[in-house]
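Chemist: Have a look at this prediction, sequence included:
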Number of protein chains: 2
Amino acid sequence: MTEKVTRREILNLIGAAGGSAAVLGASAALGLMPNSAAASIPQLKPLDPANRKSVAILGAGISGLTAAYELSKAGYDCIVLEASHRPGGRNMTVRSGDIIDEVGNRQVCEFDDEPHMYFNAGPARLPSTHRNILHYCKELGVELEVFINESKEAYVQDDNMFGGKPIKNAMFTTNARGFMAEVLAKNFTRQELDQPFTEWEAERILGMVRSFGDLNSANEFRGSSRAGYADIDGGYLAHGIQKEMVSFRELLKSSYVNRLLNANEGETGPILFQPVGGMDKIITGFVKTMPERVYYNAIVTAVELGDDSVNIAYRYKGMENSIKADYCLNCIPTHLMSGITHNFPRDYTDAMLYVRRGEAYKSAFQAKERFWEKEDIYGGISWVNQPIRQIWYPPHGMFKEKGVILSSYDFGGGMHFTRLSQEERIEAAISQGEKVHADYRKYVEKGITIAWNRMNHMLGCAARWQRGAVMTSDEEKLMHTLRSPAANRHYFIGDQVTLHAGWQESAIVSALWSVNDLHNRAIGNSAGINPAPLV
Amino acid sequence: MTEKVTRREILNLIGAAGGSAAVLGASAALGLMPNSAAASIPQLKPLDPANRKSVAILGAGISGLTAAYELSKAGYDCIVLEASHRPGGRNMTVRSGDIIDEVGNRQVCEFDDEPHMYFNAGPARLPSTHRNILHYCKELGVELEVFINESKEAYVQDDNMFGGKPIKNAMFTTNARGFMAEVLAKNFTRQELDQPFTEWEAERILGMVRSFGDLNSANEFRGSSRAGYADIDGGYLAHGIQKEMVSFRELLKSSYVNRLLNANEGETGPILFQPVGGMDKIITGFVKTMPERVYYNAIVTAVELGDDSVNIAYRYKGMENSIKADYCLNCIPTHLMSGITHNFPRDYTDAMLYVRRGEAYKSAFQAKERFWEKEDIYGGISWVNQPIRQIWYPPHGMFKEKGVILSSYDFGGGMHFTRLSQEERIEAAISQGEKVHADYRKYVEKGITIAWNRMNHMLGCAARWQRGAVMTSDEEKLMHTLRSPAANRHYFIGDQVTLHAGWQESAIVSALWSVNDLHNRAIGNSAGINPAPLV
């Protein structure tokens, strides 16, 4: 499975062997069969009660809570020190009365106090392939519901395209597919390609292309009912009037041609879920199992690696406190940890300073009316080529009077909004949203915004290890350093030390690896566990 | 909007005018803008109490109940005669203890008695664009949840492909797209096509194609992580090992190449919903508003058109009864109505006899364990090129111990299963299901089956008006006849007299049109309403 086999090589193989047996053999070798591995939750053999160990966990984000939960079950004495007034870190659901502790822009949420009136300001989606976090949802009794990521009924808006008029996603994708298929079908019939397809195979390919693009029998795209009917009653009592095709040239003016045909791929390809009532139900699920272990407003001021312990100093309730623990799991963002007193080795601190942080920005409104439902939208994303980038419609609270609408999600460039005042942010969200929904301003109120690069105790979003297009081996080494335990006692954890930062699954996988490694050392098994970290 | 404009004509237009203004003008004319019409629910002005009218409604399916609901609100005296022991017609949810009244194969459902252990034996999906049925869900307080139709984690199985080994949908579609994109990209660079694209546009198109197929910089498809990783831990701590590409030639052996790249189109393109707890929550929602109006086990024996009434004879509680009503709305399947005494005009009866009926077949099992969840499946369809055709995983009851799995759905050829005994049907479902899930037999029990062409009081599924590939004008005339009121008093209603049979939305649209027409006649406004029926 590690040897790469290209398609051309496979085709040669078929050519040489000439039968389906060869292909089947190849397929098996290529890992066709599904992976049926379960989640990677460790079953830690509980510690001997005579040999208890203590662990200080810095930060009550998803990684810290996962570690505390598993270690507590295995008989460790755990304490979780959280700098903020709330647990969860970036897993943050905002409801009526909640504080958004953005430095210089503290806000109190004024949404109506109802179960469906919330805003997931951080992570909002759980892919069905993220087995570890789903495992914990199940174990902690967190009820999940389907999250709608893509809606063909939502809009695409780009000032460069159709003079800025929004079009339905279905219109965009149907026409782009039709164009592609027509070009493909016409060229395919015109030549043999460089592949020795039989006539039967060529016909089959044409069939695929025609159905993909909804081409007519002349292999032309002339519009498709997939883009919807022009008359709402169409197709029931009277024959529907199909919406006409649009100029593909016009679609090309928008950079969305590069994105909307593969919108449901990667992490958003599988079915997505969200916890019923807010993403932080996972956090409260963890905390409920160990409320006495989590200290809030506990500010770590020093981390000192000792010979047989890790010593933590922290400020709590106006007092200076210290803990001498056998181990420390640390999910404080490394760039913040750099500013806290410590005696980490030099290679550790070099790595800590290398990591940069994302600047994700989100904002949300309470909508007085669920106006989107009148446009057949019940969740999903409208793509807007403006700084707000995306509008998300809530997949929950259907048919209720009001809803919370995500009015911007710029995962890359929060600095744009960070420079604006709260009033300017709100006005930007409204005026850009009006490009999609003309009456937007009439419906939205009580806006809240969150610039993660200014959030207190975090000052940044997901870690960014790569400065170039690919991860260099130097960068891999830095991550490896930061992931390895210092003095065999101190572990950095969280999505910040994984290859897939920004997902809760990564935070959990990191925590579980560290917990496993720590436990192996604690019971004297070895110098650690496999799989070894990167490099 | 009625004039067809082809893309070539648009391109010529652009060529001639040379600016975006021309394109924009064209776009507006082409109906680019979204349709914001609401559902077509009539607001009937209530009848004058001094001038009450009575309506006999034959059949308590979705069309009959819709009509009874609206007419009752407008002050009509309605009675609904239902031949079966239950309301709903094909809207049928099967739970513990329920009877499946298939002629010659009566069954009692033995599923565990739990809210999530149900099977929608008829319609199971509500597209978000079906505004009328969603309107009634809202008005009747029917809670909806998202229905998952497509899951990239579900399987595709075809004996012709990979020697019958199932592969994940993501593997199938990613590889097929990769192949298409590679062919397209290579041909596109090689020639100018017959379209005058600028270099910038050509680059843009190539970008679209590359992202669509996940091609490398040489425009080659060499596998993609969209098909998943070969190692479950891949991509978090260690770099993931991407699943290798498979032989496109192998995929071609399956006819699914013609279907899986456009699986989420048409009626299943929009977001889909299902009522929480079963599709028949819509039926019970309607009935709850007028329980006293619906008579069960009431067998219509004659329908006679009189001069100023419609006279209905029916058997009820062992007695012969008759009703003289001002109007009759009739959703008895036309082929069954042909066998009931009536004095319909000759063109009516010709049309009634022309309509054929579908033979949809479904079956379901109780699963002792939700084994699919271990394979990252939480809803969606596995496509099986066997008589069972489809396996549907329930999108509800996630994480619970058991679930009800749809073990076959053959919408076209129920005759295959109709010929089998119940035991043979069950064994076929198991042995064919084993081709997808090797341990299937171990998990499934208490199977139930339903052949709609043998269901008592229905003897068929959706009406089939077309004998050829398109509807002929003769067929249109027949439908028009059957849709028009006989003697201005008797209306056939239901999806059977629409162009889109098999969807509840059609049944409602039909009922609403008839109700509107009837009301206009009743208040003496005119000889009917617009929009006129077909033709």
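Modeler: Noted; the coordinates are in hand. Residues are numbered from 1 along each chain as shown, chains lettered A, B, ... in the order given.
Chemist: Write out the residues of the stretch 301-450 of chain A neighbouring chain B.
Modeler: Contact residues, the stretch 301-450 of chain A versus chain B (C-beta under 8 Å from any C-beta of the partner chain): A:K374, A:E375, A:D376, A:I377, A:Y378, A:G379, A:G380, A:P395, A:M398, A:F399. Quick note: C-beta positions are derived from backbone N, CA and C, even for glycine.
Chemist: swap the cut-off to 7 Å and go again
Modeler: Taking C-beta under 7 Å from any C-beta of the partner chain, the part of the stretch 301-450 of chain A that reaches chain B is made up of A:K374, A:E375, A:D376, A:Y378, A:G379, A:G380, A:P395, A:M398, A:F399.
Chemist: can you pick the most crowded of those residues?
Modeler: Among these, A:Y378 has the most neighbours (other C-beta atoms under 10 Å in any protein chain shown), with 27 neighbours.
Chemist: Am I right that that one is in contact with A:M398?
Modeler: Yes: if you go by C-beta atoms under 7 Å, A:Y378 and A:M398 touch, sitting 5.7 Å apart.
Chemist: Could you confirm A:L336 falls within a helix?
Modeler: Yes: applying DSSP: H, G, I helix; E, B strand; the rest coil, one finds A:L336 inside a helix.
Chemist: Next, count neighbours for the residue lying closest to it once chain neighbours are set aside.
Modeler: With sequence-adjacent residues excluded and distances taken as C-beta to C-beta, 6 or more residues apart in numbering or on different chains, A:L336 is closest to A:L459, at 6.3 Å. Around A:L459 there are 15 other residues, counting by other C-beta under 10 Å.
Chemist: right, and A:L459 touches A:N453 too?
Modeler: Yes: counting by C-beta under 7 Å, A:L459 does reach A:N453; the two are 6.2 Å apart.
Chemist: Around the closest residue to A:S255 other than its chain neighbours, how many other residues sit close by?
Modeler: Counting by C-beta to C-beta, 6+ apart, the nearest residue to A:S255 once its immediate chain neighbours are dropped is A:N385, at 7.0 Å. Counted with other C-beta under 10 Å, the neighbours of A:N385 add up to 18.
Chemist: Next up, the contacts around A:N385.
Modeler: A:Q157, A:D158, A:D159, A:S254, A:S255 (C-beta atoms under 7 Å, 6 or more residues apart in numbering or on different chains).
Chemist: Quick one, grab the pLDDT at the last one.
Modeler: Right, A:S255. pLDDT for A:S255: 90.
Chemist: just so I have it, where are all the strands in the stretch 301-450 of chain A?
Modeler: For the stretch 301-450 of chain A, strands defined by DSSP state E, counting those that start in this stretch occupy the ranges A:310-316, A:319-325, A:327-330, A:341-342, A:356-357, A:361-367, A:380-384, A:390-393, A:403-410, A:444-451.
Chemist: Tell me which of those sits most buried.
Modeler: Sort these by mean neighbour count, taking mean count of other C-beta atoms under 10 Å in any protein chain shown, and strand A:327-330 sits at the top with a mean of 29.
Chemist: Let's see which of the contacts of A:N385 end up in strands.
Modeler: Using DSSP state E, the members of these that fall in strands are A:Q157.
Chemist: and the contacts of A:N385, which are buried?
Modeler: Buried members of those, counted by 16 or more other C-beta atoms under 10 Å in any protein chain shown: A:Q157, A:D158, A:S254, A:S255.
Chemist: Next, the third one: phi, psi?
Modeler: So that's A:S254. Main-chain dihedrals, A:S254, degrees, to the nearest 10: phi -100, psi 140.
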